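# make a model of this:
(one chain, ligands or ions: 1)
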Amino acid sequence: MKFTKMQALGNNYIYVSLFETKLPDVSLPELSTIVSDVRRGIGSDGLILIQDSRVADVGMRIFNADGSEAESCGNGLRCVAKYVYEHRLVNTSVFSIETKAGVVEAQVHVRPDGTVKQVTVDMGDAKFGVDSIRYTGSHAVGGDDVVIHVDDTKLRGTVVNVGNTHFVTLVDRVDDKYVEQIGPRIESHPDFPDRINAEFVSVINRSEIDFRVYERGSGVTFACGTGACASVAALARKGLVDNRVTVHLLGGDLDIELREDGHILMTGEAVTVAEGTFMWPTAEPAFLPL
Ligand SMILES: N[C@H](CCC[C@H](N)C(=O)O)C(=O)O
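Modelled structure (predicted):
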């Protein structure tokens, strides 16, 4: 199986273009866990398929490292846009991409040599509060926020749906240890039956925030594009930031702009790491049931 490994601010996926290769005879969730395994597979935060679409120029499906399928992926969308432009699967610099959450529009920013340096994606608008997700708790505190109980701690966060779902916690200072300890407790909290991405953000000033994430299905990642969009939208609704914000993620910066019509524009890098052929299943019985 031919693959391309790409990353955006360190959030890396194995990209498989169905225009150019066939998938092995294994379920997609299983294939994602296999290719994501850093020791016996290739190593990544998950698997992204690039495929045909009846409603957009191209289509994309994203699977987390644990095999769960997500509705959307901001960093993945920028890498898909780079891939399809550079592989001439589209012939314009602005085109549409279908995701499970709907169709988005991407614009590639091209270097003089024709390679894509950055991509802007119109991620659509955000929905807020417990009515925008499946929520089985009873601690909605009005507006967009809910309180969840983690051991003997009460955590207040803003619920945001940008195609996939996010619990955004405002902290004084983002702390990686805290993300690693509390992140998984939020991600799989019983109040969120579909699980949820857990962001921790601190406001530096009205146009800059610090950001860390514990992603649903992939754990701590270096960056989460949908999470950055959700966080800026949530903070702007609270009047804490303006409409153009630089988000400082572990792997680098994303520019997020909230447009007058409520659409969220995300701009950032997309990088090709490697191309190759994945030898599974001939590679190894290591993954076959013992
Ligand atoms: N873990 C996410 C999908 C990947 C999102 C993230 N990598 C991004 O760049 O938006 C979820 O289950 O909703």
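
# could you chop the chain up by domain?
In terms of domains, the chain is parsed into 2-123+270-277, 127-261 (source: automatic domain parsing).

# what is the end-to-end distance of stretch 164-175?
Stretch 164-175 has its terminal residues 24 Å apart, counting by C-alpha to C-alpha, to the nearest Å.

# buried ones in that stretch?
Buried residues in stretch 164-175, counted by 16 or more other C-beta atoms under 10 Å: 164-170, 174. Quick note: C-beta positions are derived from backbone N, CA and C, even for glycine.

# what's the residue lying closest to residue 109 once chain neighbours are set aside in contact with, if anything?
Among residues not flanking residue 109 along the chain, residue 118 sits closest, at 4.3 Å (C-beta to C-beta, 6 or more residues apart in numbering). Applying C-beta atoms under 8 Å, 6 or more residues apart in numbering to residue 118 gives the contacts 78, 108-109, 267-270.

# want to throw the domains of the chain into a markdown table with mean pLDDT and distance to the ligand?
Listed next are those as a markdown table, based on pLDDT from 0 to 100; distance: least, C-beta to the nearest ligand atom, whole Å:
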| stretch | mean pLDDT | distance to the ligand |
| --- | --- | --- |
| domain 2-123+270-277 | 97 | 3 |
| domain 127-261 | 95 | 3 |
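
# nearest the geometric middle of this protein, what residue?
Here the mean C-alpha position of the chain is nearest to the C-alpha of residue 73 (C-alpha atoms, centre = their mean), at a distance of 3.3 Å.

# wait, doesn't it sit right on residue 48?
Yes: between residue 73 and residue 48 there is a contact at 6.9 Å, judged by C-beta atoms under 8 Å.

# mutual contacts of the two, please.
Taking C-beta under 8 Å, 6+ apart as the criterion, residue 73 and residue 48 both touch 13, 60, 62.

# okay, now the first one: neighbour count?
The reference is to residue 13. Residues near residue 13, counting by other C-beta atoms under 10 Å, number 30.

# neighbours around the residue nearest to residue 141 when sequence neighbours are not counted, how many?
Leaving aside its sequence neighbours, residue 141 sits nearest to residue 147 (C-beta to C-beta, 6+ apart; 5.6 Å). Residues contacting residue 147 under the criterion other C-beta under 10 Å number 14.

# wait, doesn't residue 16 sit right on residue 5?
No: shown here, residue 16 and residue 5 do not form a contact pair, counting by C-beta under 8 Å, at 10.6 Å.

# more neighbours: these two, which one.
residue 16 (24 against 19).

# report the contact partners of that one.
Residue 16 makes contact with 1-4, 23, 47-50, according to C-beta under 8 Å, 6+ apart.

# got phi/psi on it?
Here is the backbone geometry of residue 16 (degrees, to the nearest 10): phi -130, psi 120.
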